[in-house]
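Chemist: okay, predicted coordinates and the sequence, questions at the end:
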Amino acid sequence: MSPEAQSILNEWSPPLYADLGILLTVVVYVCGWARLRRASTVISAGRLTAFLAGMFFLWVSIGSPLAAFDDASLSVHMVQHILLMLVVPPLILAGAPALPFLHGLPQWFARSIVGSVLRWRPGQSAGKFLTHPVVCWTLAAVALIGWHVPAAFELALRSDAWHDVEHVSFLFTSVLFWWPVVQPFPSEAHWPRWSIPLYLSWGCFPGASWAHISLSANALCMVPTMRRLVFSALRRFRIRFLQAH
């Protein structure tokens, strides 16, 4: 391990609240899944595996030592965002978390608090609105492009609090984006299944367009931190290439 990497790890400390939140979420889901299985409700082991895999990759992204390098390595920075947007959300949704969560929470809380919210008509209307494919796609695109605007990008790297807000917004909007694709039980589809490939193809458009813009020389000059990360990655690649030859 290089001295630079060792120094970064020595200064890093685990995000206690994030780790506890992930652990508590897993415990609630597993307890609910076990209760449903005992009640002969079909929640397959495959769904449990998918959910646990999603939570594991969420921990890798924001709670593991990998997170220590997200502002020092462009590769780690991109892997972190790929996990948050493309890996974690579909796995969590594939776990059909609604029923396990309801049965994993204390019954008094599930009935009096969660049940009241789920029966509340404005809440139901908001849920239908947020899970409409057009809204899902739009919010995910806005979050992706918005956080890569130079001012927002720099703000997220300078401030730990805003960095956390960025990650939460990526995760939340990506869960919405993947909702029409996975269609987690027991939700209902807004669009026919044949339209999903078109939806996914359009989902690639914001990221591809922004990647093209951000890789231009002018964009790199506008974002000092991005320029530093890119040049640092190129320098490390050049050193490794020369050592190998």
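Modeler: Cool, got the structure. Numbers count the residues shown, from 1 in each chain.
Chemist: excluding chain neighbours, give the residue nearest to Leu130 in space.
Modeler: Closest residue to Leu130 apart from its sequence neighbours, by CB to CB, 6 or more residues apart in numbering: Leu176 at 6.2 Å. From N, CA and C alone the C-beta is placed, and that goes for glycine too.
Chemist: so which bits of the helix or strand hosting the one you found are buried?
Modeler: Under the criterion of DSSP states H and E, Leu176 resides in helix 160-182. Of the residues in helix 160-182, those buried under the neighbour-count criterion (16 or more other CB atoms under 10 Å) are 163, 166-167, 169-182.
Chemist: count the residues that sit near Ala151.
Modeler: Other residues lying near Ala151 total 9 when counted by other CB atoms under 10 Å.
Chemist: how many neighbours does the nearest residue to Glu11 once chain neighbours are set aside have?
Modeler: Closest residue in space to Glu11, ignoring its immediate chain neighbours: Ala68 at 7.6 Å, by CB to CB, 6+ apart. Around Ala68 there are 18 other residues, counting by other CB under 10 Å.
Chemist: residues near Ile82, how many?
Modeler: 13.
Chemist: wait, I meant Gly63
Modeler: 19.
Chemist: distance of it relative to Leu48?
Modeler: 21 Å (CB to CB, to the nearest Å).
Chemist: next: Ala151.
Modeler: 42 Å.
Chemist: how about Pro65?
Modeler: When Pro65 is compared with Leu48 (using CB to CB), they lie 27 Å apart.
Chemist: one more: Pro89?
Modeler: 17 Å.
Chemist: just Met85 next, same as before
Modeler: Taking CB to CB, one finds Met85 at 23 Å from Leu48.
Chemist: cool, Val30 as well?
Modeler: For Val30, the distance to Leu48 - CB to CB - is 7 Å.
Chemist: could you do Met78 as well?
Modeler: Applying CB to CB to Met78 and Leu48 gives a distance of 30 Å.
Chemist: between the two, which is the more surrounded one?
Modeler: Using other CB under 10 Å as the criterion, Met78 and Leu48 rank with Leu48 on top: 18 against 13.
Chemist: ok, that one - contacts?
Modeler: 29-30, 33, 95 (CB atoms under 8 Å, 6 or more residues apart in numbering).
Chemist: mind picking out the helix or strand in this protein with the poorest mean pLDDT?
Modeler: Lowest by mean pLDDT, DSSP states H and E among the helices and strands of the chain is helix 217-222, with a mean of 47.
Chemist: state the mean pLDDT of whichever strand or helix holds Pro197.
Modeler: Element membership for Pro197, per DSSP H and E: helix 196-214. Here helix 196-214 scores 68 as its mean pLDDT.
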